Every structure is written in C-alpha cells, then in structure tokens.
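J.: mind folding the following:
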Amino acid sequence: MLADLQEETRTIILYEAPHRLKKTLALLLETLGDRQTTVCRELTKKFETIERTTLEDALKKYEQEDPRGEYVVVIEGRKQEDIKREKEEQWLNTMAMQGWVLDSVGFCTYNFIKCEPG
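T.: The predicted structure follows:
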C-alpha cells in the first residue's frame, strides 16, 4: 500500500499509535524518500506538540526517545518538478538506447554507426 503513495502529489496524513510510530517512519522513509513532514502529538490536548522536520530526522528522534501519545504524521506530496524531471530522464535514456543523441542545442539526432564488412 505504501508503494502506491510514492507518486502521490497531494499531502499525505496518517494517524499512528505510539508503539508503531518508529516502524511506520522507517517504512515511509524507505518507500517515499526523505520528504518534509510534520509530526503532531496529542492534537487538541493539553500537551500538544507540533514539529516540522523530515522523515529521516523524525525517525532519528524517535529512535532515541520513546514515543508517547497519539500521533498524526503529515507528509509532503511528491513534487511535480521531480516527476517531470524523472520522466525526462527516462525518455532521454530510452532515446539513447535506440541510438538517438541530444545535441548541445537540445535537438535529437540519430547516431548512425557505419559497419564495415570484416
């Protein structure tokens, strides 16, 4: 299910119990990469805390201290620019494997290779 969220561009909001928080943060980091996140503890209660961080830093924090209370984890969606850049790189790699070359001006030309009989 987490793999389905890799391409999600909308903000992701999860509720997590304290005994599963570390494992969940580790899985999110592994699956989604190190995204901006906000970890909220005990929302609407006397000891409410809200911490803006990254998934990696949140995991480090909760590996050193035991989570207590109820958590809401808010994760940044994937950036459109990252998706676009990745698709462009895939397209260029596909074209290169087929013999096309991108010149300095940005035009694709076919790379003809002469084969001489041996």
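
J.: packing partners for the helix or strand that contains Lys22?
T.: Element membership for Lys22 (DSSP states H and E) is helix 21-32. On a contact count with 3 or more C-beta pairs under 8 Å, 6 or more residues apart in numbering; DSSP states H and E, helix 21-32 meets helix 55-64, strand 71-75. (C-beta placed from N, C-alpha, C; glycine too.)

J.: as a markdown table, these with distance to Lys46 would be great.
T.: What follows is those, written out as a markdown table (distance: least, C-beta to C-beta, whole Å):
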| stretch | distance to Lys46 |
| --- | --- |
| helix 55-64 | 21 |
| strand 71-75 | 16 |
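
J.: out of these, which gets nearest to Lys45?
T.: Closest to Lys45 of the helices and strands packed on helix 21-32, according to C-beta to C-beta: strand 71-75, at 11.8 Å.

J.: which other helices and strands contact whatever helix or strand comes next after that closest one?
T.: As assigned by DSSP H and E, the chain's next helix or strand after strand 71-75 is helix 80-97. Taking 3+ C-beta pairs under 8 Å, 6+ apart as contact, there are no helices or strands that helix 80-97 lies on.
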